[in-house]
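Student: Quick one, fold the following:
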Amino acid sequence: MNPVSPGRLRRAIGALAITLTGCAALPPQGGDVASSAWARQSGLHPGPGVGAWSHLSFPGKTPTQFAYARLDGRATMAVRADSSASMLRQQLRIEPADLGRVHFSWKVPALIDEADLASRDGDDAPVRVVLAFEGDRSRFSGRDSALSELVLALTGEPMPYATLMYVWCNKSEPGTVINSPRTDRIRRLVVESGPRRLGRWLDYERDVRADYERAFGEQPGALIGIGIMTDSDNTRTHTQAWYGPLRLMPVAAR
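Tutor: Predicted structure coming up:
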């Protein structure tokens, strides 16, 4: 087997840190995240094909701190990143015909001044809501196929076919789609921009199918994972935020 070049390894680690592919589960922080009121109100109830919420680390990255907290009368996940990146995720499966809407909320006290989601060196965000999808991997470019194989070798899990993120961006207007600088299979949909609404709770309800089609220009496959992520590893800065429960509403609930 040929040795992995440092450049390929950095690209793979970068892709790991912004997808639902993860590594080792970390010990609970601030109480058991999986059994918290936030987890009970988020995602789907654990069962066949549906995992519990878990905190995942990435190779070579300091983990972000996640802890359950009550804030302003809400069940929240308090998140603190210090030059770090990790994720809370839930693995699940919702078939394309059953995709409905996703409801999420967050409170962000400050943006990361140095952040630039279109730049490898500035690819950090105070808040991200992450959705991972299945799809036809034969459509991968040669570059993405190689990256997916490397991710599988490093983690034992394949890179999702497509990853859609809802993000707060420093400058780009809401509705803007920003492709990841590392792989075309990760695209960010800006739902909040600039500092005007910092320091307050913001609630969103999004049509998953419509947003996927806007971002990728094709119909979605099955939704196979959801997550939240706050990262500051590229800018080497500090940031914090609070997330409300992340709720999935099926088609019938529209």
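Student: from here on, contacts and neighbour counts on C-alpha atoms
Tutor: OK.
Student: Please identify the helix or strand for the residue nearest the centre of the chain.
Tutor: In the chain, the centroid-proximal residue (CA atoms, centre = their mean) is residue 130; its distance is 3.0 Å. Applying DSSP states H and E as the criterion places residue 130 in strand 125-133.
Student: which other helices and strands contact that strand?
Tutor: strand 162-169, strand 223-231, strand 238-243 (3 or more CA pairs under 8 Å, 6 or more residues apart in numbering; DSSP states H and E).
Student: and residue 213, which of these is closest to it?
Tutor: strand 162-169 (10.3 Å; CA to CA).
Student: So in that sheet, which strands flank that closest one, and in what orientation?
Tutor: Sheet partners assigned to strand 162-169 using DSSP bridges are listed as strand 125-133 (antiparallel), strand 186-193 (parallel).
Student: Output the contacting helices and strands for the helix or strand just after the shortest one.
Tutor: In other words, strand 186-193. As assigned by DSSP H and E, the chain's next helix or strand after strand 186-193 is strand 201-207. When contacts are defined as 3+ CA pairs under 8 Å, 6+ apart, strand 201-207 sits against strand 101-107.
Student: Tell me which residues are up against the strand it packs on.
Tutor: Under the criterion CA atoms under 8 Å, 6 or more residues apart in numbering, residues 127, 129, 198-208, 241-251, 254 lie in contact with strand 101-107.
Student: And for stretch 35-55?
Tutor: By CA under 8 Å, 6+ apart, stretch 35-55 touches 25-28, 33-34, 66, 68, 75-77, 86-93, 226, 244-248.
Student: Mind doing that once more with 7 Å?
Tutor: Outside stretch 35-55, the residues within contact range by CA atoms under 7 Å, 6 or more residues apart in numbering are 25-26, 33-34, 68, 75-77, 87-93, 245-248.
Student: ditto for stretch 74-82
Tutor: Contact with stretch 74-82 is made by 37-38, 64-70, 230-232, 237-245, as judged by CA under 7 Å, 6+ apart.
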